[in-house]
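> Sequence and predicted structure, then a few things I'm wondering about:
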Amino acid sequence: MELVPCAAEDITLTQALECDPIVMKELGGPMPKERIPQIHSKRLKKMAEGSCWWFKVVPKTVSDAVGTVVLWDSEYHGKPINEIGWMILPAFQGRGYASAAVRLVLNKAKAEQRFSPLHAFPGITNAASNAICRKAGFVQFEECDIDYAGRSLRCNHWRIDLRDSADAGDGASFNARPGKNCLPEPRLGSFP
């Protein structure tokens, strides 16, 4: 599997993910299509500033991206935190792609000593994402209400301190493509 930095031409992937009712079920429902250009360009700006890592997930057995995984700075109870999230297209869910992508990006963050501790907030009824957190070594803290794009969501709050954890994977490695697709060195900033 390869994690490739998202780019302007990936707007169709953003739309496919964030306008899909299955993908967005746990996030309050699909985003309106007309909001996608703004969402996509805002994330690209944050990447260019180095305040987030936003990757498309490209399995070796599939020619196109099947989803995304992202790490960014966020806020929880008025305090800055680092957060992780992921989305996989419905046709590719249940194949382990999200788990592998999370392991890869956690290993990269640990190796580069970035984004730690890291928090995840999957919906309390999102069994697959909660299982990914558990398998990757996150510790569940609490159930909580969070705001996502103006929507109140009931979530499980998971946390991992990458400085104290073993490798999150099973020998997987990060594989950025050289050249223009490489991310600048990340630094923390805001990411909605």
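Arrived safely, thanks for sending.
> same for the host helix or strand of His119, what does it pack against?
Per DSSP states H and E, His119 falls inside strand 118-120. On a contact count with 3 or more C-beta pairs under 8 Å, 6 or more residues apart in numbering; DSSP states H and E, strand 118-120 meets strand 67-76, strand 79-88, strand 151-160. For the C-beta atoms, the positions are set from N, CA and C on the backbone; glycine is no exception.
> so what secondary structure elements neighbour the last one?
Helices and strands touching strand 151-160, by 3+ C-beta pairs under 8 Å, 6+ apart, are strand 118-120, helix 127-136, strand 139-148.
> What strands flank the shortest one, and is each parallel or antiparallel?
This points to strand 118-120. strand 79-88 (parallel), strand 151-160 (antiparallel) (DSSP bridges).
> Next secondary structure after the first one?
Which is strand 79-88. Next along from strand 79-88, by DSSP H and E: helix 97-111.
> Could you check the angle that following helix makes with strand 79-88?
140 degrees (axes from the mean of the first three to the mean of the last three C-alpha atoms, to 10 degrees).
> Use 162 as the first number for this chain going forward.
Okay, residue one is now 162; in that scheme the one you just asked about reads as helix 258-272.
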